[in-house]
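Asker: sequence plus the predicted model coming up.
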Amino acid sequence: MTDFQVTSAGVEDIRRLADWADEEGWNPGSSDGQVFFPTDPAGFLFGRLDGEPVASVSAVRYGADFGFVGLYIARPPFRGKGYGIQVWNAGLERLSGRLVGLDGVVEQQANYRRSGFTAAWRNIRYEGTPSSGVMPGGVALVDARSVRFAELSRYDRRFFPAARDAFLASWIGLPDRTALAAVGDGRLQGLGVLRAARGPSRVGPLYASSEKVALALLMGLSRTSPGAPLAIDVPEPNRPAVRLVEQLGLTPSFEAARMYTGPAPDVDLAGMYGVTSLELG
């Protein structure tokens, strides 16, 4: 007789989860767990069969009324046996009463629709080594950690449905990442973060007031590792963002749908040149 239980994750589980995500081809950031786990330690669930982890999901709470689901994985030998859906249901139960979002890979989107999710837009991952170009003038880039955090937090709220100060502080502050801010006319005009990953380094978020600012940030980030490939998840409705990465020679490699259980939140999609797609599923 087998024993299957859904329990919260421990620190060692988070390391295991990064390996699972890498095997799925999702290219997780090398230190993403150090940000997400402290943000909501109870938000990572594992299904354990006779004590062995066989399935996972993240169900992270932000603020009082938003949540994000991801890292929905059943290990290949245990798929089709009902273990994954039990973990999935436990994750949704944890976020009951909230608007819930996720980034759904193509093969799972029909299942997510059956769970009440509706697609809002597609995020397309572009990868490659940016072609050399001229840094646009008139854009001042500074280390984002030198900007008053309250200003960064207010800016981030234009693009994310809930306050996430603890997450944001860790996201820009870890040593394996570069965070740049574009400033001008006495205000913040853009923010970009580059982080080490299992494969090409990941850019996200990339927020900008214009295509010119976005180009400056992307070039500034890429120049910290000259000649190295990077990956950025671009919201397809932002056509200037798509045009920018294609002009730099990056090519599509992956896609996911941003989906929600209710109306899509009011975020500044036009200023979102690269999203923080970390919790794929």
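Answerer: Cool, got the structure.
Asker: now the helices for the stretch 51-200 of the chain?
Answerer: Remark: helices assigned in the stretch 51-200 of the chain by DSSP state H, counting those that start in this stretch are 83-94, 109-114, 149-156, 165-173.
Asker: quick check, distance from the last one to the centre of its chain.
Answerer: Spelled out, that is helix 165-173. Centroid separation for helix 165-173 versus its chain: 13 Å, with Cα atoms, centre = their mean, to the nearest Å.
Asker: on that earlier part again, could the helices of the stretch 51-200 of the chain be laid out in TSV, adding mean pLDDT, mean neighbour count and distance to Trp121?
Answerer: Quick note: C-beta positions are derived from backbone N, CA and C, even for glycine. Formatted as TSV, these follow (pLDDT from 0 to 100; neighbours: other Cβ atoms under 10 Å; distance: least, Cβ to Cβ, whole Å):
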stretch	mean pLDDT	mean neighbour count	distance to Trp121
helix 83-94	97	19	22
helix 109-114	95	14	13
helix 149-156	97	16	19
helix 165-173	94	19	22
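Asker: so Ser131 touches Leu248, yeah?
Answerer: Yes: in this structure, Ser131 is within contact of Leu248 by Cβ atoms under 8 Å, at 5.5 Å.
Asker: okay, these two: which has more neighbours?
Answerer: Per other Cβ atoms under 10 Å, whichever of Ser131 and Leu248 has more neighbours is Leu248, with 20 against 10.
Asker: identify the residue spatially nearest to the more buried one, adjacent ones excluded.
Answerer: Nearest non-adjacent residue to Leu248, counting by Cβ to Cβ, 6 or more residues apart in numbering: Pro130, 4.3 Å away.
Asker: the one you found against Glu246, yeah?
Answerer: No: contact criterion Cβ under 8 Å: Pro130 and Glu246 do not qualify, at 11.1 Å.
Asker: who has more neighbours out of those two?
Answerer: Pro130 (25 against 13).
Asker: partners of Tyr126 in the sheet?
Answerer: Taking DSSP bridges, one finds Ile232, Pro252 as the beta-bridge partners of Tyr126.
Asker: for it, give its distance to Phe254.
Answerer: 9 Å (Cβ to Cβ, to the nearest Å).
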